[in-house]
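Chemist: A structural model of the following input is requested.
(one chain, ligands or ions: 1)
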Amino acid sequence: MEKFKWNIPIEIGGHRIKNRIVFPPINTNWAGENGEITDKIINFYRETAAGGCGMIVVSGTAVSPDAKSTDRSLCLYDEKYLSGFMRLTKCIKKEDCFAAIQLMHVGGQGNPDFTGRIPLSPSGIKCMAIGIEPAVLSIYEIADIQKKFINSAKLAYSAGFHAVELHLAHGYLLHEFLSEHTNKRNDIYGGNILNRARLVLDIIKGIRAEVPIIIIGARVSGEDFVKDGINESINRELLPMFQDAGIGYFSVTAGIYDSSRAKHEAMSQGLFFAYAKGIKDMIDRPVMGVGKVLDLITAEDHLRKGDCDMVAIGRGLIADPMMIKKFLNSNKINRCIECDQCRFLRHGSKYLTCSVREL
Ligand SMILES: Cc1cc2nc3c(=O)[nH]c(=O)nc-3n(C[C@H](O)[C@H](O)[C@H](O)COP(=O)(O)O)c2cc1C
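Modeler: This next block holds a predicted model:
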């Protein structure tokens, strides 16, 4: 039988990854009161890694206390978090799984109930879904945020991660700098594309200088679905710059909070893969696609069509983390039924639950 393409190893930055299935960042809201790793989080990722995926990107992790997207999202800004994250990387790596962590700052989409402060943004543009006018960051505060990303990357390396993934999508702070929709500044961080990309480029350069060995990935937006947002033509300029600065892989998603309806429609039709395919032509690094891949047959199809080099499976692996091993042994898979219960914030729940799997 011809080998499955999803099961062919791939290299990222000189690291061999055993297969092309990725568990993407999924915020469970199960962290401790101060954003620390809990046993529940360890067990969740242990089971996911044991199921056989080649790579796990640990959920959006805040680079400072006010960078959190939810009240119990993970944080990594101090050495006090290291022991928990070391436990986490150990159980992921034990399964020969590539361990990455997504680093983020919530920016203007921040909720004061979770962060304890007014949201921060490049230009004070209000996210309608949050409804609070954010504060405008000073040049000194921007420099401080740059340091925080670099500090978190250093801690991630100390904790044993192979890679850090910069969250440049979903309308969070770094995305807000890149997009003309939210960046109206007229200093060195606004205006032309190089200025809008400055903070991200400086973060990449800083991480390269401080922890040259760690791989830096980027979660990018293929399409924002808003006027003046990120789209194909902006990405044609932006992404080669990121590649030249040292980005080792690109994970392609789409949409921001204010375009969440368009985003969910596109995602549930699998349209994000068209953006991944477009981006594959713009750069020369592994590209991950995502969106409504609930089984390995669909993943195989995307890889064979050349839509991407790796496929991320979020909800499908939440529903059944053993999907890969079961598929290879021809055992029945507990398939995600797309009930949407896992999107806990949209449904007023406090944390991740699944109607197919008891969590
Ligand atoms: C509960 C939940 C939490 C998520 N948390 C994050 C996150 O922290 N960072 C991120 O970039 N995407 C996050 N996402 C988006 C997923 O990574 C993924 O792109 C999305 O679920 C689509 O993939 P799927 O159809 O395979 O689930 C989250 C999605 C869900 C359902």
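Chemist: In the stretch 101-250 of the chain, what residue spans correspond to helices?
Modeler: 112-115, 139-159, 173-178, 193-210, 232-245 (DSSP state H, counting those that start in this stretch).
Chemist: Flag every buried residue along the first one.
Modeler: By that I understand helix 112-115. 114-115 (16 or more other CB atoms under 10 Å). Just so you know, the C-beta spots here come from the backbone N, C-alpha and C atoms, and that holds for glycine as well.
Chemist: which SS class is residue 30?
Modeler: With DSSP: H, G, I helix; E, B strand; the rest coil as the basis, residue 30 sits in coil.
Chemist: so the nearest residue to it once chain neighbours are set aside, which of the three states?
Modeler: Nearest residue to residue 30 in three dimensions, chain neighbours excluded: residue 40, at 4.7 Å (CB to CB, 6 or more residues apart in numbering). Assigned with three-state DSSP, residue 40 falls in the helix class.
Chemist: Might one say that residue 40 is in contact with residue 31?
Modeler: No - at 9.2 Å, residue 40 and residue 31 do not qualify as touching, with contact defined as CB atoms under 8 Å.
Chemist: and the two? which has more neighbours close in?
Modeler: residue 31 (26 against 14; other CB atoms under 10 Å).
Chemist: and the closest residue to the ligand within the stretch 251-359 of the chain, how many neighbours?
Modeler: Closest to the ligand within the stretch 251-359 of the chain is residue 314: 2.8 Å, counting by CB to the nearest ligand atom. Residue 314: 21 surrounding residues under other CB under 10 Å.
Chemist: just the one 10 residues further on next, same as before
Modeler: Residues contacting residue 324 under the criterion other CB under 10 Å number 22.
Chemist: Over to residue 100?
Modeler: Residue 100, neighbours per other CB under 10 Å, totals 30.
Chemist: what does residue 125 give?
Modeler: For residue 125, the neighbour count with other CB under 10 Å is 18.
Chemist: Over to it: give its phi and psi.
Modeler: The phi/psi pair for residue 125 (degrees, to the nearest 10) reads phi -80, psi 130.
Chemist: Ignoring the adjacent residues along the chain, who's closest to it?
Modeler: residue 182 (4.7 Å).
Chemist: Pretty sure that neighbour sits against residue 176.
Modeler: Yes - with contact defined as CB under 8 Å, residue 182 reaches residue 176; the gap is 4.0 Å.
Chemist: check contacts around the residue in the stretch 1-150 of the chain that the ligand sits nearest to.
Modeler: Among the residues of the stretch 1-150 of the chain, residue 60 lies closest to the ligand, at 3.0 Å counting by CB to the nearest ligand atom. The neighbours of residue 60, taking CB atoms under 8 Å, 6 or more residues apart in numbering as the test, are 25, 27, 69, 73-74, 102-104, 167, 172.
Chemist: Phi, psi for residue 84 please.
Modeler: According to degrees, to the nearest 10, residue 84 has phi -60, psi -50.
Chemist: Now for the residue of the stretch 251-359 of the chain closest to the ligand: which residues touch it?
Modeler: Contacts of residue 314 (CB under 8 Å, 6+ apart): 23-24, 26, 290.
Chemist: Check whether stretch 283-302 comes near the ligand.
Modeler: Yes - contact between stretch 283-302 and the ligand is present through 290-293 (criterion: CB under 6 Å from any ligand atom).
Chemist: State the mean pLDDT of that stretch.
Modeler: The average pLDDT within stretch 283-302 is 97.
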